[in-house]
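A.B. asks: one predicted model, sequence on top.
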Amino acid sequence: MKILDFKHFDDCVVLHFDTEGKQINAYTLASTLVALADAAKAANDTINPGYDVEVVVEAFGPGSFRAKLRAVYRKHHNLFSQQIALALVISILGNYIYERTLAARSDVKIQINTDEVIIERGDEKIIVPRKVYDATRQVEKEPRFVNAITRTFQAIERDPDIKGIGLVKDLGDPAPEIVISRETISQLALQPVPEPDTRIVTEVVDLQIIKAILERGARKWEFMWRGVKIGAAITHQAFYDSFDAHRITIAPGDILRARLAIAQQRDPKMGIYSNIGYEVTEVFEHVPRLKQVELPKHE
């Protein structure tokens, strides 16, 4: 029997693309990863209020073509210490993708136990921890999550070189026993996905100050973020209150740990959102840059 056991997955998974060679179209990969990252954020917002999540690509590997994904959680500044993130996002993504694959078929059997849920069809068995199964039931009610998963299927379906996809635990693992076929992916990609032309997403980020505007208003500060220079106004009035009260002193090179609202516009052809504007809505912490201190000379 072919088995996929989600108990073996932490919050890291290898996405296996079944292709003829060991390469993949860059646009296919980018569109797929962006859609999965959007789904992860929507899932995380549902099960981990108070935490942000970022899906990072750790490595690429052989075996057709593989990308290793990991979810990284960051706690909001003002949370109580006993609140702990549920590291289930990657497992929820994988479980929901396979559940969608099986949902259209009538010969599926589902056995719900105390600690796990077993989903069977023919010689295929998927074992899902009960906490992942229950969390998936919560997350599937969020339209942003469902739409992002559908966009994942659409991105893959547009590439005729991909014959199927699957999940494995490590880059060096054999091919997945249960592969979602291209035919199934094409069926799931037909489901309509209403997507807005523009949207606002938020992230907790570290912004390095290039140019400060030390007065309230809509004028934009200049920051370095992920190696790119951006302009963003700071609209968090409590931050300016601290500055006016001389509790903080700002200098170029300092870091602001803050919540960044990112305005994005969708490319209708690629289905990918591009950043078009930024606003700092909340500053959590000011971190002065490290300064070199000249040591006294010894005679």
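C.D. replies: Happy to help now that I have it.

A.B. asks: this structure: helices as residue ranges?
C.D. replies: 26-47, 89-103, 130-139, 143-157, 182-189, 237-244 (DSSP state H).

A.B. asks: please tell me how far the third one is from the chain's geometric centre.
C.D. replies: Looking back up the chat, that one is helix 130-139. Taking CA atoms, centre = their mean, to the nearest Å, one finds helix 130-139 lying 18 Å from the centre of the chain it belongs to.

A.B. asks: so what angle separates the directions of it and helix 143-157?
C.D. replies: On the basis of axes from the mean of the first three to the mean of the last three CA atoms, to 10 degrees, helix 130-139 is oriented at 100 degrees to helix 143-157.

A.B. asks: numbering from 2 from now on, please.
C.D. replies: With the count now opening at 2, the last piece we talked about shows up as helix 131-140.

A.B. asks: helix 131-140 packs against which elements?
C.D. replies: Counting contacts by 3 or more CB pairs under 8 Å, 6 or more residues apart in numbering; DSSP states H and E, helix 131-140 is packed against helix 27-48, helix 90-104, strand 117-122. Yep, even glycine has a C-beta here, placed from its N, CA and C like the rest.

A.B. asks: same thing with the fourth one?
C.D. replies: With contacts taken as 3+ CB pairs under 8 Å, 6+ apart, helix 144-158 sits against helix 27-48, helix 90-104, helix 183-190.

A.B. asks: mean pLDDT lowest for which of those helices?
C.D. replies: Comparing mean pLDDT over those, the weakest stretch is helix 90-104, at a mean of 87.

A.B. asks: specify the angle between that helix and helix 183-190 in degrees.
C.D. replies: Using the same axes, to 10 degrees: helix 90-104 against helix 183-190 is 100 degrees.

A.B. asks: helix 90-104 to strand 117-122, inter-axis angle?
C.D. replies: Taking the same axes, to 10 degrees, one finds helix 90-104 and strand 117-122 inclined to each other by 30 degrees.

A.B. asks: can you list the buried residues in helix 90-104?
C.D. replies: 90-103 (16 or more other CB atoms under 10 Å).

A.B. asks: now tabulate these in TSV and tack on distance to residue 70.
C.D. replies: Below are those laid out as TSV (distance: CB to CB, whole Å):
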residue	distance to residue 70
90	10
91	7
92	12
93	13
94	9
95	10
96	15
97	15
98	12
99	16
100	19
101	18
102	19
103	22
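
A.B. asks: bridging residues for the residue lying closest to residue 286 once chain neighbours are set aside?
C.D. replies: With sequence-adjacent residues excluded and distances taken as CB to CB, 6 or more residues apart in numbering, residue 286 is closest to residue 258, at 4.2 Å. Residue 258 has these beta-bridge partners by DSSP bridges: residue 207, residue 286.

A.B. asks: so what's residue 258 up against?
C.D. replies: Residues in contact with residue 258 (CB atoms under 8 Å, 6 or more residues apart in numbering) are 78, 205-208, 284-288.

A.B. asks: which of those residues lies closest to residue 112?
C.D. replies: residue 205 (40.0 Å; CB to CB).

A.B. asks: quick check: that closest one touching residue 75?
C.D. replies: Yes - in this structure, residue 205 is within contact of residue 75 by CB atoms under 8 Å, at 5.6 Å.

A.B. asks: common neighbours of the two, please.
C.D. replies: residue 53.

A.B. asks: those two - which one has more neighbours?
C.D. replies: Neighbours per residue (other CB atoms under 10 Å) separate residue 205 from residue 75, with residue 205 holding more: 17 against 14.

A.B. asks: output the below-cut-off pLDDT ranges for the stretch 52-201 of the chain.
C.D. replies: Residue ranges of the stretch 52-201 of the chain with pLDDT under 70: 77-87, 104-107, 192-196.

A.B. asks: can you do 90?
C.D. replies: Flagging of the stretch 52-201 of the chain using pLDDT under 90 yields the residue ranges 52-91, 99-115, 120-125, 141-145, 148, 170-174, 176, 188-201.

A.B. asks: ok, the residue nearest the centre of the chain - contacts?
C.D. replies: In the chain, the residue lying closest to the centroid (CA atoms, centre = their mean) is residue 38, at 3.0 Å. By CB under 8 Å, 6+ apart, the contact list for residue 38 reads 55-56.
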